[in-house]
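Undergrad: Please work out how this folds:
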Amino acid sequence: MYERILVPLDGSNAAEIVLPYAEEIAARTGAEIILLSVSDPTTTGMDHLYRAYIERIAEQVRRRMGDLGAGEKARVRAEVLTGKAAAEILRYVDKSNVSLITMAGRGSSGERPWLLGNIASKILQTVAKPVLLVRVPASDTALKQRGLVKRILLPLDTSRAGEAAIPHAEALARLLGAEVSLFHVLEPAPVPFLVAPGVEIAYPPVSAETEGRIAAAAVAYLQSVENTLTEKGITVSSEVSLGHPASEIIRYAEANAIDLIAVSTHGRSGIGRWVYGSVTEKLLQAGSKPILTVRAEKNDGQ
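TA: Residues are numbered from 1 along each chain as shown. Model prediction:
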(Lines give C-alpha, C1' and ligand atoms only; values in the text may rest on other atoms or scores of the structure.)
Protein backbone atom coordinates (compact mmCIF):
# COMPACT_ATOMS: atom_id res chain seq x y z
CA MET A 1 0.00 0.00 0.00
CA TYR A 2 2.87 2.37 0.76
CA GLU A 3 5.64 2.45 -1.84
CA ARG A 4 6.76 6.08 -1.58
CA ILE A 5 6.45 8.15 1.59
CA LEU A 6 6.91 11.89 1.17
CA VAL A 7 8.24 13.90 4.12
CA PRO A 8 8.22 17.69 3.53
CA LEU A 9 10.77 19.48 5.71
CA ASP A 10 11.40 23.18 6.25
CA GLY A 11 14.60 23.07 8.30
CA SER A 12 12.87 23.30 11.68
CA ASN A 13 12.94 20.77 14.50
CA ALA A 14 9.16 20.98 14.59
CA ALA A 15 8.86 19.63 11.05
CA GLU A 16 11.21 16.73 11.80
CA ILE A 17 8.96 15.15 14.45
CA VAL A 18 7.31 13.08 11.71
CA LEU A 19 10.52 11.26 10.76
CA PRO A 20 10.26 8.39 13.31
CA TYR A 21 6.78 7.53 11.98
CA ALA A 22 7.89 7.55 8.35
CA GLU A 23 10.95 5.48 9.26
CA GLU A 24 8.96 2.85 11.13
CA ILE A 25 6.42 2.43 8.33
CA ALA A 26 9.13 2.34 5.65
CA ALA A 27 11.21 -0.17 7.61
CA ARG A 28 8.24 -2.56 7.72
CA THR A 29 7.11 -2.06 4.12
CA GLY A 30 10.31 -1.43 2.21
CA ALA A 31 8.86 1.88 1.06
CA GLU A 32 11.10 4.65 -0.20
CA ILE A 33 11.27 7.78 1.97
CA ILE A 34 11.47 11.01 0.00
CA LEU A 35 12.68 13.99 1.99
CA LEU A 36 11.55 17.19 0.29
CA SER A 37 12.51 20.78 0.98
CA VAL A 38 11.28 23.77 -1.02
CA SER A 39 13.57 26.76 -1.51
CA ASP A 40 11.99 30.21 -1.57
CA PRO A 41 12.57 31.70 -5.04
CA THR A 42 12.89 35.20 -3.55
CA THR A 43 15.96 34.15 -1.56
CA THR A 44 18.91 33.86 -3.90
CA GLY A 45 21.97 31.71 -3.32
CA MET A 46 20.31 29.53 -0.68
CA ASP A 47 19.86 26.31 -2.64
CA HIS A 48 23.15 24.87 -1.43
CA LEU A 49 22.05 25.36 2.20
CA TYR A 50 18.75 23.58 1.56
CA ARG A 51 20.65 20.77 -0.18
CA ALA A 52 23.18 20.42 2.65
CA TYR A 53 20.37 20.29 5.21
CA ILE A 54 18.26 17.72 3.39
CA GLU A 55 21.27 15.49 2.65
CA ARG A 56 22.28 15.58 6.32
CA ILE A 57 18.78 14.52 7.40
CA ALA A 58 18.75 11.80 4.73
CA GLU A 59 21.93 10.30 6.17
CA GLN A 60 20.44 10.33 9.67
CA VAL A 61 17.30 8.61 8.38
CA ARG A 62 19.35 5.91 6.62
CA ARG A 63 21.23 5.22 9.84
CA ARG A 64 18.04 4.96 11.90
CA MET A 65 16.43 2.77 9.25
CA GLY A 66 19.38 0.41 9.65
CA ASP A 67 18.77 0.32 13.40
CA LEU A 68 15.16 -0.64 12.64
CA GLY A 69 16.34 -3.62 10.64
CA ALA A 70 15.86 -2.22 7.14
CA GLY A 71 19.51 -2.77 6.28
CA GLU A 72 20.30 -2.52 2.58
CA LYS A 73 16.58 -2.31 1.81
CA ALA A 74 16.45 1.21 3.23
CA ARG A 75 15.72 3.65 0.43
CA VAL A 76 15.98 7.35 1.19
CA ARG A 77 15.94 10.12 -1.41
CA ALA A 78 16.60 13.83 -0.87
CA GLU A 79 14.92 16.43 -3.08
CA VAL A 80 15.17 20.23 -3.17
CA LEU A 81 12.71 22.23 -5.26
CA THR A 82 12.26 25.94 -5.80
CA GLY A 83 8.92 27.73 -5.63
CA LYS A 84 5.90 28.12 -3.40
CA ALA A 85 5.94 25.33 -0.83
CA ALA A 86 2.33 24.09 -1.07
CA ALA A 87 2.24 24.23 -4.87
CA GLU A 88 5.58 22.45 -5.23
CA ILE A 89 4.63 19.72 -2.75
CA LEU A 90 1.33 19.07 -4.54
CA ARG A 91 3.04 19.05 -7.94
CA TYR A 92 5.63 16.59 -6.69
CA VAL A 93 2.96 14.31 -5.21
CA ASP A 94 1.18 14.15 -8.56
CA LYS A 95 4.23 13.46 -10.72
CA SER A 96 6.05 11.05 -8.38
CA ASN A 97 3.19 8.69 -7.49
CA VAL A 98 3.55 9.32 -3.75
CA SER A 99 1.60 6.82 -1.62
CA LEU A 100 1.61 8.65 1.72
CA ILE A 101 2.46 12.16 2.89
CA THR A 102 3.77 12.49 6.43
CA MET A 103 4.13 15.97 7.83
CA ALA A 104 3.93 17.90 11.05
CA GLY A 105 0.46 19.25 11.75
CA ARG A 106 -0.30 22.60 13.25
CA GLY A 107 2.17 23.65 15.86
CA SER A 108 5.01 26.03 16.55
CA SER A 109 8.74 26.14 16.97
CA GLY A 110 9.31 28.32 20.00
CA GLU A 111 7.06 31.36 19.93
CA ARG A 112 6.73 31.69 16.17
CA PRO A 113 4.75 29.54 13.71
CA TRP A 114 6.93 27.16 11.69
CA LEU A 115 6.81 27.23 7.93
CA LEU A 116 5.09 23.94 7.14
CA GLY A 117 2.36 24.68 9.66
CA ASN A 118 1.10 27.37 7.32
CA ILE A 119 0.61 24.99 4.40
CA ALA A 120 -0.69 21.84 6.13
CA SER A 121 -4.30 22.94 5.63
CA LYS A 122 -3.72 23.57 1.91
CA ILE A 123 -2.26 20.10 1.52
CA LEU A 124 -5.13 18.46 3.39
CA GLN A 125 -7.82 20.22 1.42
CA THR A 126 -6.22 19.60 -1.98
CA VAL A 127 -4.32 16.34 -2.09
CA ALA A 128 -6.09 13.05 -2.71
CA LYS A 129 -3.39 10.94 -1.07
CA PRO A 130 -3.47 9.86 2.60
CA VAL A 131 -1.80 12.36 4.91
CA LEU A 132 -0.29 11.50 8.29
CA LEU A 133 -0.03 14.56 10.52
CA VAL A 134 1.96 14.55 13.74
CA ARG A 135 1.45 17.33 16.26
CA VAL A 136 3.79 16.46 19.10
CA PRO A 137 7.05 14.48 19.22
CA ALA A 138 6.85 10.80 20.10
CA SER A 139 7.85 10.01 23.67
CA ASP A 140 11.37 8.79 24.43
CA THR A 141 9.86 5.55 25.73
CA ALA A 142 8.04 4.87 22.46
CA LEU A 143 11.16 5.65 20.45
CA LYS A 144 13.29 3.31 22.52
CA GLN A 145 10.74 0.53 22.25
CA ARG A 146 10.62 0.99 18.48
CA GLY A 147 6.87 0.73 18.55
CA LEU A 148 5.28 4.12 17.97
CA VAL A 149 1.87 2.80 16.95
CA LYS A 150 0.36 0.07 19.10
CA ARG A 151 -3.27 1.20 19.20
CA ILE A 152 -5.14 2.74 16.27
CA LEU A 153 -8.45 4.53 16.77
CA LEU A 154 -10.78 4.26 13.78
CA PRO A 155 -13.84 6.55 14.09
CA LEU A 156 -16.68 5.52 11.77
CA ASP A 157 -19.96 7.27 10.96
CA THR A 158 -21.59 4.18 9.30
CA SER A 159 -21.45 5.74 5.79
CA ARG A 160 -19.56 4.19 2.87
CA ALA A 161 -17.54 7.36 2.45
CA GLY A 162 -16.68 7.28 6.13
CA GLU A 163 -15.07 3.86 5.61
CA ALA A 164 -12.22 5.21 3.47
CA ALA A 165 -9.74 4.92 6.35
CA ILE A 166 -10.52 1.25 7.08
CA PRO A 167 -8.02 -0.28 4.57
CA HIS A 168 -5.27 1.99 5.87
CA ALA A 169 -5.98 1.22 9.52
CA GLU A 170 -6.00 -2.48 8.60
CA ALA A 171 -2.71 -2.23 6.70
CA LEU A 172 -0.96 -0.33 9.48
CA ALA A 173 -2.28 -2.74 12.10
CA ARG A 174 -0.82 -5.65 10.13
CA LEU A 175 2.51 -3.93 9.49
CA LEU A 176 3.03 -2.57 12.98
CA GLY A 177 1.29 -5.27 15.02
CA ALA A 178 -1.19 -2.73 16.35
CA GLU A 179 -4.68 -3.14 17.76
CA VAL A 180 -7.63 -1.33 16.20
CA SER A 181 -10.36 0.38 18.23
CA LEU A 182 -13.55 1.06 16.29
CA PHE A 183 -15.51 4.06 17.56
CA HIS A 184 -18.87 5.58 16.71
CA VAL A 185 -20.39 8.68 18.29
CA LEU A 186 -24.13 9.10 18.60
CA GLU A 187 -24.83 12.81 18.59
CA PRO A 188 -27.43 14.15 21.03
CA ALA A 189 -30.72 15.41 19.65
CA PRO A 190 -30.45 19.10 18.67
CA VAL A 191 -31.93 21.57 21.14
CA PRO A 192 -34.17 24.52 20.15
CA PHE A 193 -32.30 27.73 19.44
CA LEU A 194 -33.20 31.40 18.96
CA VAL A 195 -32.67 32.79 15.46
CA ALA A 196 -34.30 36.19 16.07
CA PRO A 197 -36.12 37.90 18.93
CA GLY A 198 -39.22 35.83 19.54
CA VAL A 199 -38.37 33.34 16.77
CA GLU A 200 -37.22 29.94 17.92
CA ILE A 201 -36.29 26.93 15.81
CA ALA A 202 -37.54 23.75 17.41
CA TYR A 203 -36.84 20.16 16.42
CA PRO A 204 -39.33 17.32 16.75
CA PRO A 205 -38.53 15.19 19.81
CA VAL A 206 -36.82 11.85 19.28
CA SER A 207 -38.50 8.99 21.07
CA ALA A 208 -36.62 6.62 23.30
CA GLU A 209 -37.58 3.82 20.92
CA THR A 210 -36.03 5.63 17.96
CA GLU A 211 -32.88 6.40 19.93
CA GLY A 212 -32.66 2.73 20.87
CA ARG A 213 -32.94 1.63 17.24
CA ILE A 214 -30.24 4.09 16.17
CA ALA A 215 -27.89 2.89 18.91
CA ALA A 216 -28.56 -0.77 18.10
CA ALA A 217 -27.86 -0.13 14.40
CA ALA A 218 -24.55 1.55 15.28
CA VAL A 219 -23.52 -1.36 17.50
CA ALA A 220 -24.41 -3.86 14.77
CA TYR A 221 -22.47 -1.87 12.19
CA LEU A 222 -19.31 -1.74 14.30
CA GLN A 223 -19.67 -5.44 15.06
CA SER A 224 -19.75 -6.26 11.35
CA VAL A 225 -16.56 -4.25 10.74
CA GLU A 226 -14.97 -5.84 13.82
CA ASN A 227 -15.79 -9.32 12.55
CA THR A 228 -14.23 -8.59 9.17
CA LEU A 229 -10.99 -7.31 10.68
CA THR A 230 -10.84 -10.10 13.27
CA GLU A 231 -11.08 -12.70 10.51
CA LYS A 232 -7.93 -11.14 9.06
CA GLY A 233 -6.04 -11.72 12.28
CA ILE A 234 -6.26 -8.19 13.67
CA THR A 235 -7.07 -7.55 17.33
CA VAL A 236 -10.14 -5.31 17.38
CA SER A 237 -12.46 -3.72 19.92
CA SER A 238 -15.44 -1.44 19.37
CA GLU A 239 -17.40 1.13 21.33
CA VAL A 240 -20.37 3.44 20.80
CA SER A 241 -20.44 6.73 22.68
CA LEU A 242 -22.84 9.65 23.05
CA GLY A 243 -21.74 13.25 22.58
CA HIS A 244 -20.11 15.57 20.09
CA PRO A 245 -17.87 13.61 17.69
CA ALA A 246 -14.60 15.54 17.93
CA SER A 247 -14.77 15.89 21.70
CA GLU A 248 -15.61 12.23 22.19
CA ILE A 249 -12.88 11.06 19.83
CA ILE A 250 -10.29 13.15 21.68
CA ARG A 251 -11.57 11.96 25.06
CA TYR A 252 -11.45 8.31 24.02
CA ALA A 253 -8.00 8.66 22.48
CA GLU A 254 -6.55 10.19 25.64
CA ALA A 255 -8.28 7.75 27.99
CA ASN A 256 -7.26 4.63 26.06
CA ALA A 257 -3.62 5.29 25.16
CA ILE A 258 -4.36 5.64 21.44
CA ASP A 259 -1.24 6.20 19.33
CA LEU A 260 -2.86 7.10 16.00
CA ILE A 261 -6.29 8.21 14.81
CA ALA A 262 -7.25 7.12 11.28
CA VAL A 263 -10.18 9.09 9.90
CA SER A 264 -11.91 9.62 6.57
CA THR A 265 -12.06 13.22 5.41
CA HIS A 266 -15.47 12.72 3.82
CA GLY A 267 -18.63 11.20 5.23
CA ARG A 268 -22.34 11.55 5.16
CA SER A 269 -23.92 14.94 4.71
CA GLY A 270 -25.84 16.76 7.38
CA ILE A 271 -25.23 17.08 11.11
CA GLY A 272 -23.27 13.84 11.37
CA ARG A 273 -20.76 14.45 8.57
CA TRP A 274 -17.08 13.55 9.00
CA VAL A 275 -15.67 16.25 6.75
CA TYR A 276 -12.38 18.09 6.88
CA GLY A 277 -13.29 21.54 8.14
CA SER A 278 -15.62 19.93 10.67
CA VAL A 279 -14.68 16.92 12.81
CA THR A 280 -11.18 16.38 11.39
CA GLU A 281 -10.26 20.04 11.69
CA LYS A 282 -11.36 20.05 15.33
CA LEU A 283 -9.22 16.98 15.96
CA LEU A 284 -6.25 18.79 14.45
CA GLN A 285 -6.90 21.92 16.49
CA ALA A 286 -7.66 20.37 19.86
CA GLY A 287 -6.12 16.91 19.81
CA SER A 288 -2.50 15.90 20.30
CA LYS A 289 -2.52 12.44 18.71
CA PRO A 290 -1.11 11.76 15.23
CA ILE A 291 -3.90 11.71 12.66
CA LEU A 292 -4.02 9.77 9.39
CA THR A 293 -6.51 11.48 7.08
CA VAL A 294 -7.82 9.48 4.13
CA ARG A 295 -9.87 11.16 1.42
CA ALA A 296 -12.90 9.18 0.29
CA GLU A 297 -13.57 8.72 -3.41
CA LYS A 298 -16.07 11.20 -4.85
CA ASN A 299 -18.36 8.44 -6.03
CA ASP A 300 -18.59 6.81 -2.61
CA GLY A 301 -22.18 6.50 -1.43
CA GLN A 302 -23.54 8.07 1.73
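Undergrad: what about the helices in the stretch 101-250 of the chain?
TA: 120-126, 140-145, 166-176, 208-231, 245-255 (DSSP state H, counting those that start in this stretch).
Undergrad: which SS class is residue 296?
TA: coil (DSSP: H, G, I helix; E, B strand; the rest coil).
Undergrad: Between the helices of the stretch 101-250 of the chain, which one is closest to residue 40.
TA: Among those, the nearest to residue 40 by CB to CB is helix 120-126 (16.1 Å). (C-beta placed from N, C-alpha, C; glycine too.)
Undergrad: count of neighbours near residue 288?
TA: 14 (other CB atoms under 10 Å).
Undergrad: my guess is it is in a strand, correct?
TA: No: applying three-state DSSP, one finds residue 288 to be coil, outside a strand.
Undergrad: and it, what are its phi and psi?
TA: phi -120, psi 0 (degrees, to the nearest 10).
Undergrad: I'd like to check which residues are in contact with it.
TA: 135, 136 (CB atoms under 8 Å, 6 or more residues apart in numbering).
Undergrad: In TSV: the helices of the stretch 101-250 of the chain, plus mean pLDDT.
TA: Formatted as TSV, these follow (pLDDT from 0 to 100):
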stretch	mean pLDDT
helix 120-126	79
helix 140-145	82
helix 166-176	95
helix 208-231	90
helix 245-255	94
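Undergrad: Mean neighbour count for these - can I get that in CSV?
TA: Below are the helices of the stretch 101-250 of the chain laid out as CSV (neighbours: other CB atoms under 10 Å):
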stretch, mean neighbour count
helix 120-126, 17
helix 140-145, 11
helix 166-176, 19
helix 208-231, 13
helix 245-255, 19
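Undergrad: for these, which one sits closest to residue 158?
TA: helix 208-231 (4.9 Å).
Undergrad: Residues touching the closest one, excluding its own?
TA: 156, 158, 163, 166, 170, 173, 180, 182, 184, 186, 189, 236-240.
Undergrad: Of these, keep whichever come out buried.
TA: 156, 158, 163, 166, 170, 173, 180, 182, 184, 186, 236, 238, 240 (16 or more other CB atoms under 10 Å).
Undergrad: So which of these are in strands?
TA: 180, 182, 184, 186, 236, 238, 240 (DSSP state E).
Undergrad: Could I get the contacting residues of the fifth one?
TA: Translated: residue 236. Per CB under 8 Å, 6+ apart, neighbours of residue 236: 179, 180, 181, 182, 225, 226, 229, 230.
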